[in-house]
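# the following comprises the amino acid sequence and a computationally predicted model.
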Amino acid sequence: MSAKKRPLFGRLRERAAVGAARLATMASRATGRGAGGMIGGLVAQAIDPTIMGSLAGGRPAALVTGTNGKSTTTRMFAAAVGAEHSVATNDGGDNMDAGIISALLASPGAARLVFEVDELHVPKVAERVEPEVIVLLNLTRDQLDRVGEINKIERALRATVEAHPDATIVANCDDVLVTSAALDAKNVVWVSAGGSWVGDSTSCPRTGGTIVHDESGWRSTKLLPDGREFARPEPTWSVDEDGLLTPKGRVPLNLRLPGAANRGNAAQAIAAAVEGFGVDLEAAKTAAEGVTDVAGRYSTVRVGEHDVHLLLAKNPAGWQEALAMVDRRAEGLVIAVNGQVADGTDLSWLWDVTFEDLDDVAVKAAGERSTDLAVRLVYAGIDHEQVPDSLDAIDACPPGRVEVLANYTAFRDLRRAIARRSRAEEKTGAGRQS
């Protein structure tokens, strides 16, 4: 509901919510407690529970969701749309209600809305902003103690697609669960974005039939209740090492972000910008190619005598993709694992990650749950040193390049520790000069 159509009390409540949110954001930044990506939205929603819809105001909106790649795809998608329109987006990765509200507050005049959304929050966010585009990336096990079984998420996304029949659904046809969620969409754009992890797609979520993978893709051994075959749809967009295949032909794709997974993310981001918002293909592709950093992920920072390359992973599928990006010529590899609520306190997924091929690089096990990781590495037969503090673990590596692979809060905490050390060194240097 737009602000003009709201009753007087609703408009007054919205103004109070916006004012209080801005004050809270300013206070958070001024006191160094955070970047303000969440607090403003939390305050605004507490005062006005309907504020997300009123701030969206009926503007063309897109939602990006899935287990892995949300932040990167959203960053590329927003950049692609930004080639032709002003965009409001939650590029800090705050993908629940408060983060989306904060992004709306930060860009009140944006012509387009592009939001990363946590899988559990998609139904309610879609109800409030009425998206014109929904991007479905992949679905794998993640934080079982919070999210639950992945088929539950598939059913929720399928219901969201059904509830928004006019939306353009940009879906990864290489993912069995995503295909099921998007299968009955009226306006679906199938993208072959890849997916090397198939451990969570062994059966059809609609019938329980076994999924068979072969050179042509995948199919279920059991027909759907209406008699249709459940099999990999034919994509109209696809990506490989040679470039991006579009409905208009093949174009080169020269990303600055590493890995096959990011090529798949780019394919869906570009397809969504072109098919969903009508952005020129070349403009969308060029903008996506220009993305170099996603909230610190993939960045390289100087720490003492080390060039530290930072990678983030959060679940078995993500860890497998990230491990493929590790430079095995590096002087050391720091693997940092925490088990806080934001990570998921159940770390049994460590046993699903293939650490066994890390015998060509010196490994340090770090993080609050470094002991759990160390036990897994012992069983994988990987020589390693346990150094719980991630920054100390980097220091323990020989000078040169160090690869760091960390889960969510371990990644966040390490970046903060690096920033604190950098500030301290700057002050020390300034003191010596004076």
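Nice, I can see it. Numbering: from 1, shown residues only.
# remind me which residues of the chain are low pLDDT?
Along the chain, segments meeting pLDDT under 70 span 1-12, 21, 28-37, 143-148, 196, 430-434.
# pop the domain breakdown of it in here.
49-290, 300-431 (the TED database).
# closest one to Gly41 among those domains?
Proximity to Gly41 (Cβ to Cβ) singles out domain 49-290 among these, at 3.3 Å. The way it works is simple: take the backbone N, C-alpha and C, and place the C-beta from them, glycine included.
# first-to-last residue distance for that closest one?
The first and last residues of domain 49-290 sit 37 Å apart, counting by Cα to Cα, to the nearest Å.
# just give the nearest non-adjacent residue to Arg75, would you?
When the adjacent residues along the chain are set aside, Arg75 lies closest to Val294, with 4.9 Å between them (Cβ to Cβ, 6 or more residues apart in numbering).
# so in terms of bridging, what pairs with the one you found?
Applying DSSP bridges to Val294 gives these bridge partners: Arg297.
# that one and Val337, how far apart?
From Val294 across to Val337, the span is 21 Å (Cβ to Cβ, to the nearest Å).
# the more surrounded of those two?
Taking other Cβ atoms under 10 Å, Val294 and Val337 do not tie; Val337 has more neighbours (26 against 23).
# residues touching the more buried one, list them.
Val337 makes contacts with 343, 347, 350, 365-370, 372-373, 406-407, 410, as judged by Cβ atoms under 8 Å, 6 or more residues apart in numbering.
# so which bits of stretch 266-286 are buried?
Buried positions in stretch 266-286, judged by neighbour count with 16 or more other Cβ atoms under 10 Å: 266-277, 279, 281, 283-285.
# what residues of stretch 105-115 count as buried?
Within stretch 105-115, the residues that count as buried by 16+ other Cβ under 10 Å are 105-106, 110, 112-115.
# return that stretch as CSV; C-alpha atoms alone will do.
Extracted in CSV, the C-alpha atoms of stretch 105-115 (Å, rounded to 0.1, in the frame of the first residue of the first chain):
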residue,chain,number,x,y,z
LEU,A,105,15.0,3.7,3.7
ALA,A,106,18.5,4.3,2.2
SER,A,107,17.2,4.7,-1.3
PRO,A,108,13.7,6.2,-1.3
GLY,A,109,13.8,7.5,-4.8
ALA,A,110,15.2,4.4,-6.5
ALA,A,111,13.4,3.3,-9.7
ARG,A,112,14.0,-0.5,-9.2
LEU,A,113,14.4,-2.7,-6.1
VAL,A,114,16.7,-5.7,-6.1
PHE,A,115,16.9,-7.6,-2.9
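# check the gap between the residue nearest the centre of the chain and Gly318 for me.
Taking Cα atoms, centre = their mean, the centroid of the chain lies closest to Lys70, which sits 2.5 Å from it. Relative to Gly318, Lys70 is positioned 11 Å away (Cβ to Cβ).
# now swap in Lys285 and tell me
Going from Lys285 to Gly318 by Cβ to Cβ gives 25 Å.
# pretty sure Ala61 contacts Leu113?
Yes: checked against Cβ atoms under 8 Å, the pair Ala61 and Leu113 is within contact range at 3.9 Å.
# which neighbours do these two have in common?
The overlap between the contact sets of Ala61 and Leu113 (Cβ under 8 Å, 6+ apart) consists of Val129.
# before we move on, the earlier item: among the buried residues of stretch 266-286, which are in helices?
Of the buried residues of stretch 266-286, the ones assigned to helices by DSSP state H are 266-271, 277, 281, 283-285.
# the residues you listed: which two are farthest apart?
Spatial extent of those (Cβ to Cβ) is set by the pair Gln268 and Ala283 at 16.9 Å.
# out of the contacts of Val337, which sit inside strands?
365-366, 406 (DSSP state E).
# what is the nearest of those to Met96?
Ala406 (21.3 Å).
# which residue, other than its chain neighbours, is closest to that closest one?
Distance criterion Cβ to Cβ, 6+ apart; nearest residue to Ala406, sequence neighbours excluded, is Ala336 at 3.9 Å.
# give the contact list for the one you found.
In this structure, Ala336 makes contact with 366-367, 370, 390, 393, 404-407, 410-411, 414, judged by Cβ under 8 Å, 6+ apart.
# export these to JSON lines and tack on distance to His306?
JSON lines is the format used below for the contacts of Ala336 (distance: Cβ to Cβ, whole Å):
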{"residue": "Ala366", "distance to His306": "14"}
{"residue": "Gly367", "distance to His306": "18"}
{"residue": "Ser370", "distance to His306": "19"}
{"residue": "Ser390", "distance to His306": "12"}
{"residue": "Ala393", "distance to His306": "11"}
{"residue": "Val404", "distance to His306": "10"}
{"residue": "Leu405", "distance to His306": "15"}
{"residue": "Ala406", "distance to His306": "15"}
{"residue": "Asn407", "distance to His306": "21"}
{"residue": "Ala410", "distance to His306": "17"}
{"residue": "Phe411", "distance to His306": "17"}
{"residue": "Leu414", "distance to His306": "13"}
